[in-house]
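Trainee: Sequence and predicted model, in that order:
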Amino acid sequence: MSTLFVQDESDDESLQLELSRQIEDFNENAEKHINYESQILPNDLLSAEEIRNHPIDEGDDEVPLYPLIPDIGEQIGLRPSMDELRQVDIQLNLPLSYQQQLVENTLSTDDPLVIMGRGLGMASIVANLLHILATPTVIDGDLKRSLVLVLNSRPTDNIRISEELQELSWLEGCDKKVDINEDEFSETDTRPFHVISADNQTLEKRKKLYSSGGIFSITSRILIVDLLSGIVHPSKITGMVILNVDTLKMYSNETFILEIYRSKNKWGFIKAFSEAPESFVMEFSPLQRKMKDLMLKNVLLWPRFRVDISHCLNNAIGPDNNKVIEVKVSLTNSMSQIQFGLIECLKKCVSELKRKTPELALDYWNMDNALDINFLKSIDFVMIPNWHRISWESKQLVKDIRFLRNLMKLLICGDSVDFYEEVQQSLDANRPSVSRKYTESPWLMAEESQLVISYAKKRIYTNGEYNLETLPKWEQLIHILDDISYQRSVKEIFGPTLIMCSSSAECLQLARIISMSSNKNGFRNNMLQKLQLYRAGREERKKIAKEVHDKEPERDAELNVSTAFAKEQILTKRRRTRGAAAVAAVERLKSAGSGDDIETVIDQYNIEEELGSVQLPGEESIFMTFEEETPESASYSDSENIQLDSLHPYADSEVTKEVWNSRLEEYQYVNCGDQIIVERFDNINDEALLQEIMPSFIIIYEPDLSFIRRVEIHRAIHRDMPPKVFFMYYGDSIEEQGHLTAIKKEKDAFSKLIRENAMLAHHFEADDDLSHYKNLAERKLKMNRLRKRSTRVAGGQAALGDLTQDVVIVDTREFNASLPGLLYRYGVRVVPCMLTVGDYIISPDICIERKSISDLIGSLQNNRLISQCKKMSSHYRYPTLLIEFEEGQSFSLEPFSERRSYRSKESSAVHPISSKLSQDEIQMELSKIVMRFPNLRMIWSSSPLQTVNIILELKLGREQPDPNQSVTLGLKKSKTDGKNKDKKANNQEKFAKLLQVPGISKVDYFNLRKEFKRYSKLESLGKDELLDLLGDENLSEKVFAYVQQEKRDSEQDYQDF
Amino acid sequence: MGPTVATIKVAENIVLPLRVFVNRKQLLQNNTRDNSFHTPLLSSNSIVYIKSPATRIYLSNHDMHNLCTEITTDIFLILYELSSPKFIDGVLKNVRIGQTLDFQKDVMEKLNTDSYEGLLTTHIQSLTRVAKSKVKLHFKKNWELDIFINSLKKLADMRSALLLKECGSVVPAPRIYSRRRVLLTETISTGEPILAQEEDPSPIGAGTATAIETAPVIDEDKKPSLTFRYRTVASLSDCIDVHVLQRPKRRRDPPVGP
């Protein structure tokens, strides 16, 4: 316990050995691999050359009707050739040796998945890696910028990466000046970084950007549309980097993208990163599955206890400089009593839940893991798919577990008034009324709950006077701060003081406490103000509750729990029951502290009197914000107009000399040493941000694993002036325990991963694996062609009709769902289009509107569904509504329609996407729609996979849809005058004639139309440009010949005329 | 190497963070090439040689102070004028993305109406519009800087808040403030070191004594009792980045580069 701060060494020696063995193995392999690669590659290229020289004799019918990704034929030469190998010097910006090793390791590995310990600085490593990977390529003697795509990055990652890359480009720039003085070289040598996040850039612009190359961070939804519609070709992408792999779900767009990428591009790289090892050990061999999903080949593990890292961080600074001061604060008596009560309640709830759902419960659900972050996730993971099958009590138990976890956190972080408020609200909500007798939350039935309640009250009010207990850490914090200030006054220390805590509410609390500390009664005044706030809030709620009360329909449900919770009095006929003394003791316990309702006392108490007229410095900023954080950047998107509020009266005020001077007087450089910064852990999510502040003192107000690592890194980098660290925690508390659990969980996860990695089978895949669904579909197609050639088979059979590949037209906005990706995997051509009517067009007659449940409820409420159905039924013969549940969701409307009973999302028992509509109401609305649109079909599907089956079945024997038609359907006819219309009609007619060209597919036609608004433009086109567009030599020649012919004809006509 | 934050007070109880980046372009020419790692990069047919990390460069507190004082006028010009309707409608509207203006000629003249005549001199040389609401200003006096305004919209909000504050109006909208809470230390010494202080006014070291800190002097015999007060100030959110291109040369020392 003595060293909570640095907990890194794995005591398990064998684990260390295993890891280093793997590392060695790996290094050997890598070397071999490199050799192998250099021997093999030239041959490889040769064969590619041969293939190009002897093109396979393909008949017209060999070309698939709908080329998903246009083959760009000749341009395959974009593949870098090994003959032009050259040396490139790259300047990195990684101060620590392990960081550089990590980058080197990642570079020399084939398609690795890098799993790092938390807080080891992923962003800077990724940025440096990107800088290397985006090294320009020499093709035929020319330098070409590479195109590197970054997927699944968070906005904060993007900002960090772009800053780091900017720094790197500066470094690179200075290098070039010395080494090489070639102008054209430096031009292509830059590696611009673009973030493409929303549809704010037009298609054309994106195309231009892609072809100019660089590093792109793209939302996967956009990239997938771009890939499918041929704006960027996989063979032109140098490589992909996927961040935060742990957050990816099954069948996510990213896996779809990678599959397309790998199917067309065998030489590019894929590198994946994750910082959450825990998520790779939760289910059945998730590591292997993830790797297969993402087409990765190797795993690189970088736990904190890896020798490279611990060597680098542990002894970074000498023992005399190593200034970490652990401040262990003990809980007050009331707090530890409450903590005991909460733990007991939680224990009971968990075991009751296991009892209630024996067939679902996991061994993992026990008190050892109850403090784990993933505990609730694990319960949800099991419970949500079965939500409609578990009993009402179990749902209540799940809710209570969540609530108790919340209370535990609040006990440590919030002050006594906060805690009391939360408990009191739970009590109010569960107060038995005439109509509902036993709807109490189960935790309130455990004996220990009374302990919690009574001590929560006691913290506020005991024996006729206000206690208003303050948190023990506060006092210590002020002592530390004073100590720091004193040190500063003696010796000059440059950096500011940084206080780190977990939430913005806590930041606020601490800022208040610190600013009021100079007052004699600072803490108490603060608490009194909080009490005042609480009172005001309660009045407000009462008022609302009164208004609502009459409207709320009553609910009647009885809790049926085992005797563990039997708080109700057991009625016995005997006058004296056994154990009466115990009963009496419980009674006494219930009324511990103050038996009477302290609510009334709070009401009567005159806080203002005691508070007096305390004026606080800078108070305006203190009460400024209690609400939850909204992402700062959200309100400042680029698309917004830069316009001042016209309401503003001073917008145009003229400036006079006096005003200007008075402004200047206010100006002052704030000395860093005077600053105390209170910040959340989340906001300093990278070591670089610590460096930005450069604190001389860091007070870690509560334990946080990743932040501690960041501080370690920071100290290792700034060895010459390490910050002094104060590390505060409550001894023998859930806080301490939680921290230790977090460390242990991460370590366990890594040891599991190391072992799994050792066992991992080597995986090789042939290019054309016939067991693959997609390839099956392709094979069917080929077989069909073969059969058609033989004339011996009797004609006229339906099975021998023109079998083409299945096509589904999908709205571009639908690519957030996993369905398009799955369709692709099952061999269906997915054509993205901007559809006005419907989401999926699967045949000329069938149009599908897909709705997930939350979507469905939303669009039922705002009537969007009706208008969508209207449109569908006016344009298609079989308008269809597809209601799709998610994989791992219960296939029932029930969980979505439960009512909320708690104010915050955290503690609510209902499904997260529950709504205000009840099940009956949803069904009613749906039947209304069916009555209104009698020809509307409805499909209920339990998962995207089932939907794929349904769609494939529906498509059997039906014609393929036509993208051109689908896009134009439902578009409002533009109001143009007659002449223009004529011209348009003429234009359209000419285009329509193109369809008569043999071999042109509807998709080709669609592409042409998309490219050219006017036919005359097409006429002026050269052969090569057409080839670029269509990607098929034969076809482009035909089209070209046709267009030229037409042109001549019309000229002839003109002359004749 | 990331930026460093310099905090400046722009109004009562309001501070503005500036993120200062150091452009090390000229600095790393003398970097050695040993300790390098090389590996073939198959996707771009090259063998990359990776160099050992470069040295890091910081601005000292003194330099930072110096820098911030030098750009005082310009910061106020940016805060109060560069998001005014006069500037946005009169100047910025006509600037395309990527276009550069001569600041003295094209911008100041339009802003310099009667009230501003002779009031301020700025050393901003040029203005470039980088993106829709992002502007780069090139500054050159003793220091040579690129000042980036990351969001003019944010700046406009800050401006209106500052103007409102000047007029003594209500608390401005919270969204212009960063979530980071900043407090300033104030020292109140209750001992009696006044005499000693007169003899030696700056025991802490030249250039760093601040206005709010009354420096205590330790008496040989008596230990002065010190109390500290911490005052909250509202911190505006990050919006202005400063890239240092050239640092003024020290007078006595041999030139060290920026």
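Mentor: Yep, it's here.
Trainee: Where does the prediction get shaky in the stretch 601-750 of chain A?
Mentor: A:601-657 (pLDDT under 70).
Trainee: likewise chain B?
Mentor: B:1-2, B:24-37, B:42-45, B:51-56, B:111-120, B:168-176, B:178-179, B:187-225, B:249-258.
Trainee: Quick check: longest helix in it by residues?
Mentor: helix B:152-166 (DSSP state H).
Trainee: so which strand or helix has A:His194?
Mentor: strand A:193-196 (DSSP states H and E).
Trainee: That strand - contacts with which helices or strands?
Mentor: helix A:155-179, helix A:203-212, strand A:214-218 (3 or more Cβ pairs under 8 Å, 6 or more residues apart in numbering or on different chains; DSSP states H and E). C-betas here are computed from N, CA, C, even on glycine.
Trainee: Let's see that with 6 Å instead.
Mentor: helix A:155-179, strand A:214-218 (3 or more Cβ pairs under 6 Å, 6 or more residues apart in numbering or on different chains; DSSP states H and E).
Trainee: show me where chain B has helices.
Mentor: Under DSSP H, chain B gives helices at B:61-70, B:72-81, B:85-90, B:108-111, B:152-166, B:194-199.
Trainee: can I get those helices in CSV with mean neighbour count and distance to chain A?
Mentor: Shown next, in CSV, are these (neighbours: other Cβ atoms under 10 Å in any protein chain shown; distance: least, Cβ to the nearest Cβ, whole Å):
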stretch, mean neighbour count, distance to chain A
helix B:61-70, 18, 4
helix B:72-81, 20, 5
helix B:85-90, 15, 6
helix B:108-111, 15, 10
helix B:152-166, 22, 4
helix B:194-199, 11, 13
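Trainee: Just put these in TSV and tack on distance to A:Leu313.
Mentor: Below are those laid out as TSV (distance: least, Cβ to Cβ, whole Å):
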stretch	distance to A:Leu313
helix B:61-70	28
helix B:72-81	39
helix B:85-90	49
helix B:108-111	52
helix B:152-166	37
helix B:194-199	44
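Trainee: Of the helices and strands packed on strand A:193-196, which is nearest A:His739?
Mentor: Evaluated over the helices and strands packed on strand A:193-196, closeness to A:His739 peaks at helix A:155-179, with 23.9 Å, by Cβ to Cβ.
Trainee: Give the buried residues for the closest one.
Mentor: A:156-158, A:160-165, A:167-175 (16 or more other Cβ atoms under 10 Å in any protein chain shown).
Trainee: re the thing from before, go through the helices and strands packed on strand A:193-196 and find the least confident stretch.
Mentor: Sorting those by mean pLDDT places helix A:155-179 lowest, at a mean of 73.
Trainee: what packs against it?
Mentor: helix A:122-133, strand A:193-196.
Trainee: what angle do it and helix A:122-133 make?
Mentor: Relative orientation of helix A:155-179 and helix A:122-133, computed by axes from the mean of the first three to the mean of the last three Cα atoms, to 10 degrees: 40 degrees.
Trainee: quick one, helix A:155-179 and strand A:214-218 angle?
Mentor: Using the same axes, to 10 degrees: helix A:155-179 against strand A:214-218 is 180 degrees.
Trainee: Please work out which residue of the stretch 101-250 of chain A is closest to chain B.
Mentor: A:Thr137 (3.8 Å; Cβ to the nearest Cβ).
Trainee: Now that residue, what are its backbone angles?
Mentor: Main-chain torsions, A:Thr137, degrees, to the nearest 10: phi -110, psi 150.
Trainee: Please tell me how far it sits from A:Leu120.
Mentor: 31 Å (Cβ to Cβ, to the nearest Å).
Trainee: again with A:Val281
Mentor: On the measure of Cβ to Cβ, A:Val281 and A:Leu120 end up 18 Å apart.
Trainee: When these two are compared, which one has more neighbours?
Mentor: A:Leu120 (25 against 17; other Cβ atoms under 10 Å in any protein chain shown).
Trainee: Verify the stated contact: A:Val195 with A:Asp157.
Mentor: No. In this structure A:Val195 lies outside contact range of A:Asp157 using Cβ atoms under 6 Å: 10.1 Å.
Trainee: Could you list the domains of chain A?
Mentor: Under the assignment the TED database, the domains of chain A span A:89-175+A:187-283+A:290-315+A:750-757, A:768-785+A:805-891+A:916-968, A:983-1056.
Trainee: tell me the most buried of the ones you listed?
Mentor: Across the domains of chain A, averaging neighbours per residue (mean count of other Cβ atoms under 10 Å in any protein chain shown) puts domain A:89-175+A:187-283+A:290-315+A:750-757 on top, at a mean of 20.
Trainee: Now do the contacts for A:Tyr117.
Mentor: Just so we're on the same page, residue A:117 is Gly rather than Tyr. A:Gly117 makes contacts with A:303-304, as judged by Cβ atoms under 6 Å, 6 or more residues apart in numbering or on different chains.
Trainee: let's see it at 8 Å
Mentor: The contact partners of A:Gly117, taken as Cβ atoms under 8 Å, 6 or more residues apart in numbering or on different chains, are A:275, A:277, A:302-304, A:309, A:709, A:746, A:750.
Trainee: Among those residues, which lie within strands?
Mentor: A:Trp302 (DSSP state E).
Trainee: Report the entries of the contacts of A:Gly117 that also contact chain B.
Mentor: Counting by Cβ under 8 Å from any Cβ of the partner chain, the subset of the contacts of A:Gly117 that neighbours chain B is empty.
Trainee: Nearest to A:Asp855 among the contacts of A:Gly117?
Mentor: Distances from A:Asp855 to the contacts of A:Gly117, taken by Cβ to Cβ, are shortest for A:Glu275, at 31.5 Å.
Trainee: Report the separation between that closest one and A:Met122.
Mentor: Using Cβ to Cβ, A:Glu275 is found at 5 Å from A:Met122.
Trainee: Could you do A:Ile499 as well?
Mentor: 25 Å.
Trainee: which strands and helices sit next to the longest helix of chain B?
Mentor: Partner elements for helix B:152-166 (3+ Cβ pairs under 8 Å, 6+ apart): strand B:4-11, strand B:14-22, helix B:72-81.
Trainee: residues contacting the closest residue to A:Ser966 other than its chain neighbours?
Mentor: The shortest distance from A:Ser966 to any residue other than its chain neighbours is 4.7 Å, reached at A:Ile841 (Cβ to Cβ, 6 or more residues apart in numbering or on different chains). Listed by Cβ under 8 Å, 6+ apart, the contact set of A:Ile841 reads A:808-809, A:835, A:847-848, A:961, A:966.
Trainee: Please identify which of those is nearest to A:Gln868.
Mentor: Of those, the one sitting nearest to A:Gln868 (Cβ to Cβ) turns out to be A:Cys847, at 10.1 Å.
Trainee: What helices and strands are in contact with the helix or strand hosting the closest one?
Mentor: A:Cys847 is part of strand A:846-852 when elements are defined by DSSP H and E. Counting by 3+ Cβ pairs under 8 Å, 6+ apart, the packing neighbours recorded for strand A:846-852 are strand A:840-841, helix A:864-875, strand A:878-884, helix A:944-955.
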